[in-house]
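Novice: no sequence on this one, just coordinates:
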């Protein structure tokens, strides 16, 4: 057997092989590190949760949307009086138009969101609706002298109905769940126009909106909405 003399320098070929092996190992290590970083970055997107500033922004968005919508829907019946009675004009504005216009307006700020999870966009939808409901509550209680007890549940109703539409956005079934929100809104407004009947049927639809919002929230997950 040939012995290797430790005092004899290695050949250039041996040194070259050692350098190549070291470089290959370094490149492989960096590639694995890059894969881990990319994996961690994707996980961060998947578990994104709205911060306080985001929730406040969408709450204010709902409040700002509420102001022009309320003004338009209060003024619009005047234009209908040219060919409808005052009672029918109010019925068309409040029962037929308001549910479609308000539910779309509340959901509109959610459409620009990207890289959101199902649960985060559901939560933001709820905050937009609550913001809308706060302004409507103040308008009815302060300006129209409506009883606070009767109007307070409707503030949360707006949050729930908007979250239902938000669930549709998350599941790529926006129109279907938008119509569910509109249907609940339409039913509540219809019984409100019928007077005392609302105290029997109105709360039933409000509670139904609460239940659907809670039920759909349980079906959302912390996973990114597919593009």
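Specialist: Noted; the coordinates are in hand. Bear in mind that the values here come from a model prediction, so they are computed numbers and not experimental data. Numbering: from 1, shown residues only.

Novice: contacting residues for residue 154?
Specialist: Residue 154 makes contact with 133, 136-137, 188, 206, according to C-beta atoms under 8 Å, 6 or more residues apart in numbering. Heads up, the C-betas are built off the backbone N, CA and C, glycines and all.

Novice: list the ones among those residues that fall in helices.
Specialist: The subset of those located in helices under the criterion DSSP state H comprises 133, 136-137, 188, 206.

Novice: and these as TSV, adding neighbour count and distance to residue 77?
Specialist: TSV is the format used below for those (neighbours: other C-beta atoms under 10 Å; distance: C-beta to C-beta, whole Å):
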residue	neighbour count	distance to residue 77
133	26	22
136	22	17
137	18	21
188	24	19
206	19	24
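
Novice: with those residues in mind, which one is nearest to residue 158?
Specialist: residue 133 (3.6 Å; C-beta to C-beta).

Novice: and that closest one, how far from residue 221?
Specialist: 27 Å (C-beta to C-beta, to the nearest Å).

Novice: equivalent analysis for residue 177, please.
Specialist: The gap separating residue 177 from residue 221 is 17 Å, by C-beta to C-beta.

Novice: closest one of the contacts of residue 154 to residue 214?
Specialist: Taking those together and measuring to residue 214 by C-beta to C-beta, the closest member is residue 206, at 12.9 Å.

Novice: quick one: contacts for that closest one?
Specialist: Contacts of residue 206 by C-beta under 8 Å, 6+ apart are 153-154, 157, 188.
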